[in-house]
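**Student:** Prediction below, plus the sequence it came from.
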Amino acid sequence: MSEFHKILSNWYKQNKRDLPWRLNKVPYYVWISEIILQQTRVDQGTDYFLRFIERFPTIDSLANSSENEVLKMWQGLGYYSRARNIHFAAQQIMNNFNGKFPVTYPEIRSLKGVGDYTAAAVASISFGLPYAAVDGNVYRVLSRIYGIATPTDSSKGKKEFSELAMQLLDKQNPGSYNEAVMEFGALQCTPRKPDCSVCPFEQQCVAFNRSEITKLPVKTNKIKIRHRFFNYLYLKHEKTIILEQRLENDIWQNLYQLPLIESLKALTLEELIVHEKFHSLFKTESITIESASNEILHLLSHQKLHVRFIEISLSKSEINKNWIKIAPELLHEYPIPKLIDNFLMEKNRNKME
């Protein structure tokens, strides 16, 4: 294990990236960075981190902000439950820990949206506590170097990798070790086409010596993709934009969107007009459908959205009580899914030309 530490440490000293949350190990910064980097590339996440910390420089500034403000700062990152959880957790810290970031693993783990990995990362990096952080990068590195074919998404696999990670952990420098092994997985032992010819673990790596790099790590659960059909209504009324808030426990919860009719399949305009929800919203004789976009495919982790935007002119009497009328210049105040934001920006550009 000391040889493992030595090789990894030498590699990290030569290759580690200068990232803003690594400058002083402030627990608030480390926590925010770890949440942002879930499902997000470092190059994209870094920009969001800097903007987020500029807007919410302290825990209390985050806790005292509205959820809308937090969601707006998160716009474009996706997985918006992360933003809602961060906001709630900041309030937990203010209420339960006197505004001070918790300093023990169980306390950190108690925060909303913080799992074993994030708690271990923050505890080790910011407080030097001996907890191994096991993420997708770590699974990949350990499975290849040690030739472990146990599925990482099985109970047995999670236990096996967790125990090995704890055995390998540098108890004297747990934070640096965790950062090093995660960085190694991100930069060197990459998911596809790693450059094994320059890998310092080439001689020790079981997967390399057995030509099994592409086979490891192993996952058993296949992600089932759900297809959904979204018909967004771009309603033209008195030079305003009409929005509604997504309140269901679903994707983009609490964000704002154009009025939506979700269907079980792709609909023609004729089929949309006779759809039950369309009838409940409009008196068809008093509206004019001006255009409909081509279908846009929007991919999420477990869902594929088939999206169309339908442009409609309507009369004042058609304004639904659940809709919000806003002036275009106030749109920036509302957190909106990036897909819809891009459409609205394009419409605005076309008007200006």
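**Tutor:** Great, that's in hand.
**Student:** C-alpha from now on. contacts and neighbour counts both.
**Tutor:** Noted.
**Student:** give me phi/psi at residue 291?
**Tutor:** Main-chain dihedrals, residue 291, degrees, to the nearest 10: phi -160, psi 160.
**Student:** pretty sure it is touching residue 313, no?
**Tutor:** No - judged on CA atoms under 8 Å, residue 291 makes no contact with residue 313 at a distance of 10.1 Å.
**Student:** List of residues touching stretch 309-317?
**Tutor:** Stretch 309-317 is contacted from outside by 231-237, 286-294, using CA atoms under 8 Å, 6 or more residues apart in numbering.
**Student:** Report the two of the residues you listed separated the most.
**Tutor:** Maximum pairwise distance in those, criterion CA to CA, is 24.5 Å, between 286 and 294.
**Student:** List the ones among the contacts of stretch 309-317 that fall in strands.
**Tutor:** Judged by DSSP state E, the contacts of stretch 309-317 include 231-236, 287-292 as members of strands.
**Student:** Is it possible to get a markdown table of those that adds neighbour count?
**Tutor:** Shown next, in a markdown table, are the ones in strands among the contacts of stretch 309-317 (neighbours: other CA atoms under 10 Å):
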| residue | neighbour count |
| --- | --- |
| 231 | 22 |
| 232 | 20 |
| 233 | 20 |
| 234 | 25 |
| 235 | 24 |
| 236 | 16 |
| 287 | 14 |
| 288 | 14 |
| 289 | 16 |
| 290 | 12 |
| 291 | 12 |
| 292 | 17 |
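**Student:** residue nearest the centroid of this structure?
**Tutor:** The residue lying closest to the centre of the chain (CA atoms, centre = their mean) is residue 79, at 4.0 Å.
**Student:** Would you map the helices across the stretch 251-353 of the chain?
**Tutor:** In the stretch 251-353 of the chain, the helices defined using DSSP state H, counting those that start in this stretch lie at 269-273, 276-281, 338-352.
**Student:** To residue 8, which of these lies closest?
**Tutor:** When these are compared by CA to CA, helix 338-352 sits nearest residue 8, at 38.9 Å.
**Student:** Now residue 34. Its backbone dihedrals?
**Tutor:** According to degrees, to the nearest 10, residue 34 has phi -70, psi -40.
**Student:** any idea how far residue 183 is from the residue nearest to it when sequence neighbours are not counted?
**Tutor:** The shortest distance from residue 34 to any non-neighbouring residue, by CA to CA, 6 or more residues apart in numbering, is to residue 118 (6.5 Å). According to CA to CA, to the nearest Å, residue 118 stands 15 Å off from residue 183.
**Student:** Any regions of the protein where pLDDT drops low?
**Tutor:** 1, 283-286, 316-319, 348-353 (pLDDT under 70).
**Student:** Pull the contacting residues for residue 62.
**Tutor:** Taking CA under 8 Å, 6+ apart, we find residue 62 in contact with 56, 70, 87, 90.
**Student:** got a markdown table for the residues you listed, with secondary structure too?
**Tutor:** Shown next, in a markdown table, are the contacts of residue 62 (DSSP: H, G, I helix; E, B strand; the rest coil):
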| residue | secondary structure |
| --- | --- |
| 56 | coil |
| 70 | helix |
| 87 | helix |
| 90 | helix |
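**Student:** quick one: the helices in the stretch 101-250 of the chain?
**Tutor:** 105-109, 116-127, 136-145, 155-168, 174-187, 206-209.
**Student:** Let me know which of the ones you listed is tucked in deepest.
**Tutor:** Between the helices of the stretch 101-250 of the chain, helix 116-127 has the highest mean count of neighbours, a mean of 24, where neighbours are mean count of other CA atoms under 10 Å.
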